[in-house]
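> this one's sequence-less:
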Ligand SMILES: Nc1ncnc2c1ncn2[C@@H]1O[C@H](COP(=O)(O)OP(=O)(O)O)[C@@H](O)[C@H]1O
Ligand SMILES: [Mg+2]
């Protein structure tokens, strides 16, 4: 078997006297789209935050290409990742500025910024909104901006926490289809949290089920349409 891109080993996350996560082993390979399913409160968001190194585990290790995240430079690590949450976290400015911000922070040369921002606004179908303030966007449009902000960074790993859960069904299905096509085309390694089986089946090539902080099932997704 290929070396996994990310590997979790004997992970435990406690909050006070409560154990939120207890994961003996989990591996993610390059290019894989992993769906993380489970009921409310199961620990899906907590797992994502630990994988992204936004919260440190109580014990155990998370490795990226064999390197322990706890020993890695966190800024360097975070620059390889991007994250999209259920509620779009946007800056109070225009759509274009929002998509460009991460590239500015990373000091990508202005000409390249311009090309990449235009490309990703086009791919997420928000080019016509470029000069609009994010204040007057619909929920679906705002989430398109969030996805463009994340994807423009060409992350090595993309973390998605229920990105479509707040959207109406038609919008959700459309965006799911578009995102699926993008992830297949770019081969972006992705961890996709959802509580909907239909979304996981559509997008993921492996699905893990979490209950009460433990992985209770893991299977390759045979019904993926891609
Ligand atoms: N900062 C925290 N402090 C204490 N308990 C927390 C904290 N964050 C989450 N929890 C608890 O951890 C469990 C898992 O939460 P979460 O990861 O948000 O689940 P999910 O995303 O699957 O709904 C829940 O019981 C929640 O109440
Ligand atoms: Mg959650």
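Sure, I can see it. Small disclaimer: the values here were computed from a predicted structure and weren't measured. Ligands and ions are numbered 1, 2, ... in the order given.
> ok, now which ones touch the most centrally placed residue in the chain?
In the chain, the centroid-proximal residue (C-alpha atoms, centre = their mean) is residue 159; its distance is 1.7 Å. Residues in contact with residue 159 (C-beta atoms under 8 Å, 6 or more residues apart in numbering) are 48, 51, 52, 81, 82, 83, 84, 190, 191. No exception for glycine: its C-beta is placed from N, CA and C like everyone else's.
> Grab the nearest non-local neighbour of it.
Nearest residue to residue 159 in three dimensions, chain neighbours excluded: residue 83, at 4.4 Å (C-beta to C-beta, 6 or more residues apart in numbering).
> And for the one you found, the neighbour number?
Residue 83 is flanked by 21 other residues according to other C-beta atoms under 10 Å.
> Now the residue nearest to the centre of the chain: which helix or strand?
Assessed by DSSP states H and E, residue 159 sits inside strand 157-161.
> does ligand 1 sit close to that strand?
No - legend: contact between strand 157-161 and ligand 1 by C-beta under 6 Å from any ligand atom is lacking; minimum distance shown is 7.3 Å.
> can you pull the contacts of whichever residue of the chain sits closest to ligand 2?
For the chain and ligand 2, the shortest gap (C-beta to the ion) falls at residue 45, measuring 3.2 Å. Contacts here follow C-beta under 8 Å, 6+ apart; on that basis residue 45 touches 161, 193.
> Look through this protein and tell me its longest helix.
Assignment by DSSP state H gives helix 169-186 as the longest helix of the chain.
> Now it: average pLDDT?
Helix 169-186 shows a mean pLDDT of 96.
> ditto for stretch 13-23
97.
> the helices in this protein, which residues?
For the chain, the helices defined by DSSP H occupy 44-51, 74-78, 95-105, 110-123, 139-151, 169-186, 197-203.
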